[in-house]
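Enquirer: coords below, sequence missing:
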């Protein structure tokens, strides 16, 4: 049987795996699903239709799955889906989707959400990301894999952030940030490749290919999309292709200063 503290409130219908733990004064709603090894700590709340993957740890006083902060929201069958091995620290606040969009907020695996982070409605988040204290993601934000966002950084609604991005603390992200890049500032602008992060995870030949592509796209005389289309036609490197396609298909634009 799961370890459920006698002061916890578990609504009838909740599905809780045998190895899950629910701490003192926690709340679990009737539509919640807690996988194997999930821990819901003291005072944490799991609302609505929320599915939490195995070995995810939710710390004290987090509010997970409560209705979106969207004035258009009128209820409906909306979900929050959280993957495996995530760490969600104190006072984090996550919302499900809305029927006006995908009706789901989806979070992948192996992410760290530090204290007071906020994930709003209809966000899509990949794997192996780190969100420092007080990072706030507005609605409809999409984030790839291996992304690090520094503390006290808000991300505007509908922004997309590619894989392997580093965003400096206290930035304000209002436009799309291409994969493999480092951005910072208020408003955040692309400064360079995220070379520290890339060296930890990539082969040298891929980093060299990305460096060459970055210089041609961001430091040439053509517009970003024009340069990205030219580089895309000439490369056979998959990571460079991903960078180029992201830039070509952006709808919010890429923030950068030509040097």
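Expert: Perfect, thanks for sending it. Computed from a predicted structure; not experimentally measured. Numbering: from 1, shown residues only.

Enquirer: Can you give me every residue that contacts the residue nearest to residue 145 when sequence neighbours are not counted?
Expert: Beyond its immediate neighbours in the sequence, the residue positioned closest to residue 145 (CB to CB, 6 or more residues apart in numbering) is residue 126, lying 4.0 Å away. Heads up, the C-betas are built off the backbone N, CA and C, glycines and all. Neighbouring residues of residue 126 by CB atoms under 8 Å, 6 or more residues apart in numbering: 108, 143-145, 147, 163.

Enquirer: Against residue 54, how distant is residue 126?
Expert: Distance from residue 126 to residue 54, counting by CB to CB, to the nearest Å: 18 Å.

Enquirer: which residues of the chain fall in helices?
Expert: Counting by DSSP state H, the chain has these helices, from start to end: 195-201, 204-218, 224-234, 238-249.

Enquirer: Stretch 34-47: end-to-end distance?
Expert: 12 Å (CA to CA, to the nearest Å).

Enquirer: For that stretch, which outside residues touch it?
Expert: With CB under 8 Å, 6+ apart as the test, stretch 34-47 has contacts from 2, 8, 14-29, 32, 51-67, 84.

Enquirer: Which positions in it come out as buried?
Expert: Taking 16 or more other CB atoms under 10 Å as the basis for neighbour counts, the residues of stretch 34-47 that come out buried are 34-35, 37-41, 43-47.

Enquirer: circling back to that earlier point, selecting buried members of the contacts of stretch 34-47 in ChimeraX, what would you type?
Expert: One line in ChimeraX is enough to select the buried members of the contacts of stretch 34-47, burial here meaning 16+ other CB under 10 Å:
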select :8,14,16,19,20,21,22,23,25,26,27,28,29,32,51,52,53,54,55,56,57,58,59,60,61,62,63,64,65,66,84
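
Enquirer: Now, the contacts of stretch 34-47 that are in strands?
Expert: Among the contacts of stretch 34-47, DSSP state E puts 15-16, 21-22, 27-28, 51-52, 57-58, 63-64 in strands.

Enquirer: just to revisit the earlier point, which of the buried residues of stretch 34-47 sits closest to residue 88?
Expert: Using CB to CB, residue 44 comes nearest to residue 88 of the buried residues of stretch 34-47, at 8.5 Å.

Enquirer: For residue 101, see how far away that closest one is.
Expert: Counting by CB to CB, the gap from residue 44 to residue 101 is 26 Å.

Enquirer: Quick check, central residue of the chain?
Expert: In the chain, the C-alpha nearest the mean C-alpha coordinate belongs to residue 125, at 3.6 Å (CA atoms, centre = their mean).

Enquirer: dump the residue contacts of it.
Expert: Residues in contact with residue 125, defined by CB under 8 Å, 6+ apart, are 106-108, 111, 119, 137, 142-143.

Enquirer: Output the residues you listed in CSV; the columns should cover distance to residue 90 and neighbour count.
Expert: Rendered in CSV, the data for the contacts of residue 125 read as follows (distance: CB to CB, whole Å; neighbours: other CB atoms under 10 Å):
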residue, distance to residue 90, neighbour count
106, 23, 19
107, 17, 24
108, 21, 21
111, 16, 26
119, 15, 27
137, 18, 29
142, 26, 18
143, 21, 25
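
Enquirer: would you turn the residues you listed into CSV with distance to residue 191 and pLDDT?
Expert: Formatted as CSV, the contacts of residue 125 follow (distance: CB to CB, whole Å; pLDDT from 0 to 100):
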residue, distance to residue 191, pLDDT
106, 30, 98
107, 28, 99
108, 26, 99
111, 24, 99
119, 26, 99
137, 21, 99
142, 21, 98
143, 19, 98
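
Enquirer: export these to CSV and tack on distance to residue 185?
Expert: Rendered in CSV, the data for the contacts of residue 125 read as follows (distance: CB to CB, whole Å):
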residue, distance to residue 185
106, 29
107, 27
108, 27
111, 24
119, 23
137, 18
142, 21
143, 19
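
Enquirer: Closest one to residue 93 out of those, please.
Expert: residue 119 (7.6 Å).

Enquirer: Would you mind confirming that that closest one makes contact with residue 95?
Expert: Yes. Counting by CB atoms under 8 Å, residue 119 touches residue 95, with 6.8 Å between them.
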